[in-house]
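Chemist: Give me the fold of what follows.
(one chain, ligands or ions: 1)
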Amino acid sequence: MVEHVVVIGAGVYGAAVSAALTRRGARVTVVDGGVPAGGTSGATFSWINSCGKQPRSYHDLSVAGMAAHRRLAADVPHGDWYHEGGNLEWAGDDAGRDELRAKVAGLLGYGYEARWLSRAEALGLEPDMDPAGLPDGEIAYFPREGWIEPVRLVAHLLSSAVTGGAEPVTHDAVTELEVTAGAVRAVRLASGRRLLADAVVNCAGPRAAALAALAGLVLPMRNTPGVLIVSSPVAVSIARVVHAPHVHLRPDGGGRVLLHTHEIDGAASGTGEAGVDPAAVAEVVEAGRALYPGLRAATVESVRVGQRPIPGDGLPVLGRVAELPNFHFAVSHSGATLSVHAGDLVAGEVLGEDHDDALAAFRFERPALAAR
Ligand SMILES: Cc1cc2nc3c(=O)[nH]c(=O)nc-3n(C[C@H](O)[C@H](O)[C@H](O)COP(=O)(O)OP(=O)(O)OC[C@H]3O[C@@H](n4cnc5c(N)ncnc54)[C@H](O)[C@@H]3O)c2cc1C
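Modeler: Coordinates of the predicted model:
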């Protein structure tokens, strides 16, 4: 019987899994080598969406992830870390327009909410945009999408886990997993502490492969860095997620705006914020200012670099490992969208619930993952 579960990592996944385990009555120790939300969950665009997720199983999981955020935020008196303002997206060239048309058609076919807006309609939603920065039409609007404040979500989930009896351990990395007779028996920490475990959940984000290796498992990962730019507080109305051709924006609390584009992810040299090319940052800020002229009054408050935890075939790795059945994964890109829902499925399985159908496409053993 599973009584004590060690959850490794206190990002969105570790926090969600811990909260879901304690809600079901398990005893939980959640261990982080740093601080909660100090990993990728503290440096993410955190757009809540299923806007182009393939295959269908990944799309459906993401839609369920969106619904789980909506429910959680509605159930909690101060669940205002969740913002459902929708997402606007348009393309800058013919190839991009073809791609966007195909995406919208596919999503409508799945029953996902999407519609086309004219320039005037888009300006009705985002009046501080410069009309010259928008096309005449073919602006896609996905009204049910949104964004979260991930650090506040992690704080809520962890505090609900602690209220349910979980022990949080910070600044103490997992250094060894003791595996005997096909099960993980104990977890050793850098401090020398040894935690006996009935089950272990790997929520180590971009470090998930290193943790898997401690259990003798090979988890192919192809993590990539992402650069996020935070503006100073500025009196510009940005009420939702906006995907323009050379810049993505969303509000970031307290009047700040978060800017991102995949075009400068390569500008992160691997040495953290200090290694980001300032010219690349300036280009993104300029694209933001061209679209929202009021951003000219803002400065760059900070630049963050996050590591996307991407399993080898791009899909989440969730649930029990067949050859080591008390060792479980909760690892994915799109973790901001998925973690509340997927973490709940994983926690249920740890405690013996049967989620085979929901997790089937995301098992560690799928051949496509091993092939990478
Ligand atoms: C630039 C960027 C943009 C993104 N945009 C989006 C988006 O728009 N929408 C979306 O849904 N997702 C997005 N993502 C992805 C999403 O942010 C991640 O999938 C999610 O934050 C991962 O959470 P996690 O809990 O798995 O990992 P993390 O938040 O990294 O947490 C893992 C934790 O494990 C700890 N850890 C590691 N090794 C050990 C060890 N040995 N012992 C103990 N603890 C350990 C770390 O300290 C860390 O705190 C984005 C990511 C990036 C980088």
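Chemist: do the helix or strand hosting Asp60 and the ligand meet?
Modeler: If you go by DSSP states H and E, Asp60 is part of helix 56-75. No. Applying CB under 6 Å from any ligand atom, one finds helix 56-75 separated from the ligand by no less than 7.8 Å. Using the backbone N, CA and C atoms, a C-beta is placed for each residue, glycine as well.
Chemist: so how far is that helix from its chain's centroid?
Modeler: Distance, stretch centre to chain centre, for helix 56-75: 12 Å (CA atoms, centre = their mean, to the nearest Å).
Chemist: Given whatever helix or strand comes next after that helix, what are its sheet partners and their directions?
Modeler: With elements assigned by DSSP H and E, the helix or strand that comes after helix 56-75 is strand 82-83. In the sheet, strand 82-83 lines up against strand 146-148 (antiparallel) (DSSP bridges).
Chemist: Okay, now stretch 34-46: how far is its last residue from its first?
Modeler: 21 Å (CA to CA, to the nearest Å).
Chemist: before we move on, the earlier item: can you list the residues that contact the helix holding Asp60?
Modeler: Applying CB atoms under 8 Å, 6 or more residues apart in numbering, the contact partners of helix 56-75 are 48-50, 53, 79-82, 84, 110, 112, 144-146, 148, 315-316, 334, 337-342, 344, 358, 360-362.
Chemist: Take those and, keeping just the buried ones, write it as a PyMOL select command.
Modeler: In PyMOL, this line selects whichever of the contacts of helix 56-75 come out buried by 16 or more other CB atoms under 10 Å:
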select buried, resi 48+49+50+53+79+81+82+84+112+144+145+146+148+315+316+334+337+338+339+340+341+342+344+358+361+362
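Chemist: Inside strands: which ones of the contacts of helix 56-75?
Modeler: Counting by DSSP state E, the contacts of helix 56-75 place 48, 82, 146, 148 in strands.
Chemist: Apart from its chain neighbours, what residue comes closest to the last one?
Modeler: Excluding its sequence neighbours, the residue lying closest to Ile148 (CB to CB, 6 or more residues apart in numbering) is Ser46, at 4.9 Å.
Chemist: cool, Arg240 as well?
Modeler: Gly85 (3.4 Å).
Chemist: list the contacts for the one you found?
Modeler: 146-147, 239-241.
Chemist: rewinding a little: how near is the residue nearest to Ile148 to Ala322?
Modeler: Distance of Ser46 to Ala322, given as CB to CB, to the nearest Å: 32 Å.
Chemist: what do you get for Ala244?
Modeler: Ala244 is 45 Å from Ala322, by CB to CB.
Chemist: who's more crowded, the two?
Modeler: It is Ala244, of Ala244 and Ala322, that has more neighbours when counted by other CB atoms under 10 Å, with 22 against 9.
Chemist: what's the neighbour count on the nearest residue to Leu324 once chain neighbours are set aside?
Modeler: Spatially, and ignoring its direct neighbours in sequence, Leu324 is nearest to Ala215 (6.0 Å; CB to CB, 6+ apart). Around Ala215 there are 18 other residues, counting by other CB under 10 Å.
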